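In: Give me a 3D structure for the following:
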Amino acid sequence: MAFSNSQPPFVSPIVPFTGAIQGGLQDGLEITVNGAVLYSSGNRFAVNFQTGYSSNDIAFHFNPRFEEGGYVVCNTKQKGCWGSEERKKQMPFQMGSPFDLRFLVQSSGFQVTVNGSLFMQYSHRVPFHRVDTISVTGAVTLKFISFQNTRAVPFQHAFSMKQTACFPPRGRKPKPSGVWAANQAPITQTVIHTVHSPGQMFPNPTIPPMAYPNPTYPMPFFTSIPGGLYPTKSIIVSGTILPSAQRFHINLRSGSDIAFHLNPRFDENAVVRNTQVSGSWGPEERSLTQKMPFFQGQSFLVWIMCEGHCLKVAVNGQHLLDYCHRLKNLPAINSLEVAGDVQLTHVQT
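Out: Numbering: from 1, shown residues only. Here you go, the predicted model:
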């Protein structure tokens, strides 16, 4: 069972790829297609937003072509017939290079962003709510396709603004909460992070994150969580664990407190979870319903999904654990820290 109100991303899908958009397109839905253009597999690729798995009805056909200096063709197909092409004589992609391609659904059209820069707008020619499928074809390899509702509103009124810690009784095991779809792994990584000055311990949450097409992630890594946590909020962290790794951790912080500490320990073959308030740790949680999901020398993808009563954590597409909120002021949990024996490749907050 996937997290409510949020569609898990497709991770490392094989091209050509066709997948369902759960609930169809909605105003405010942002779909991220992250991958790289191949050198030797043709000179075109396409992302299609369509009705069903047939290609007869394509609401938006986005088609970069590495020909004649490079350009992008956009079009709509209805009942098997193409409409008039829109061509943009500009090529924001490079063969052999990675890309971060984002489609934001708006009431008037699609807003397309490439590597953090606005590229174009494409006005709707058919009602976008008919679209329930995305397909990717051509000379690309994909890391993931993720979905994020940008219209989600933080439910600050639902939580006490007083920061309190609630620790579970010792020995109580979290309730299991199902398995994720095998072909849909949790994450919504990012090309978005904040650059900090050397003396700055934590980012200023009032400063919006900056976007970079090919970010590098210094370790330890800190960034803000704009708006803090709230139900439906997703955080994604992916990277590679060092071959000689002993430990690493992912912390969700509220000021100097650590609301959620996720700490894989290879020297103990355990995944430790905890909360630290005023410098003091609470009781550890270690129990898992499955084996250690992290491996030295291998890549990982962690998706943390906030719900009203807990955080749900999935690793490499499989639900791993629930962690009941101990700090109840969710909007105040507004920064992310990653440190230890890993190299990051993507972070989304």
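In: how far out from the middle of the chain is stretch 274-287?
Out: Relative to its chain's centre, stretch 274-287 lies at 26 Å (C-alpha atoms, centre = their mean, to the nearest Å).
In: Now do the buried residues in it.
Out: Asn274, Thr275, Gln276, Val277, Gly282, Glu285 (16 or more other C-beta atoms under 10 Å). C-beta here means a position set from N, CA and C on the backbone, and glycine is covered the same way.
In: Just the terminal-to-terminal distance for that stretch.
Out: The straight-line separation of the ends of stretch 274-287 (C-alpha to C-alpha, to the nearest Å) is 12 Å.
In: Let me see the mean pLDDT of that stretch.
Out: Averaged across stretch 274-287, the pLDDT comes to 97.
In: Who's the closest spatial neighbour of His124, skipping the chain neighbours?
Out: Leaving aside its chain neighbours, His124 sits nearest to Gly109 (5.2 Å; criterion: C-beta to C-beta, 6 or more residues apart in numbering).
In: what's the pLDDT at the one you found?
Out: So, for Gly109, pLDDT stands at 97.
In: hmm, back to that, widest-spaced pair of the buried residues of stretch 274-287?
Out: Spanning the widest gap among the buried residues of stretch 274-287 are Val277 and Glu285, at 15.4 Å by C-beta to C-beta.
In: Chain neighbours aside, what residue packs nearest to Pro64?
Out: Val72 (4.9 Å).
In: next SSE after the worst-scoring helix or strand of the chain on mean pLDDT?
Out: In the chain, no helix or strand scores lower on mean pLDDT, DSSP states H and E than strand 210-211, which sits at a mean of 34. Downstream of strand 210-211, the first helix or strand assigned by DSSP states H and E is strand 221-224.
In: where does the stretch 201-349 of the chain have low pLDDT?
Out: 201-216 (pLDDT under 70).
In: again, only using 80
Out: Filtered on pLDDT under 80, the stretch 201-349 of the chain yields the residue ranges 201-216, 317.
In: So which residues of it form strands?
Out: Taking DSSP state E, counting those that start in this stretch as the criterion, the stretch 201-349 of the chain contains strands spanning 210-211, 221-224, 234-241, 248-254, 257-265, 270-277, 280-281, 299-306, 310-315, 318-324, 335-340, 342-348.
In: For the buried residues of stretch 274-287, give me a markdown table that also has distance to Gln148.
Out: Listed next are the buried residues of stretch 274-287 as a markdown table, based on distance: C-beta to C-beta, whole Å:
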| residue | distance to Gln148 |
| --- | --- |
| Asn274 | 28 |
| Thr275 | 26 |
| Gln276 | 29 |
| Val277 | 30 |
| Gly282 | 31 |
| Glu285 | 28 |
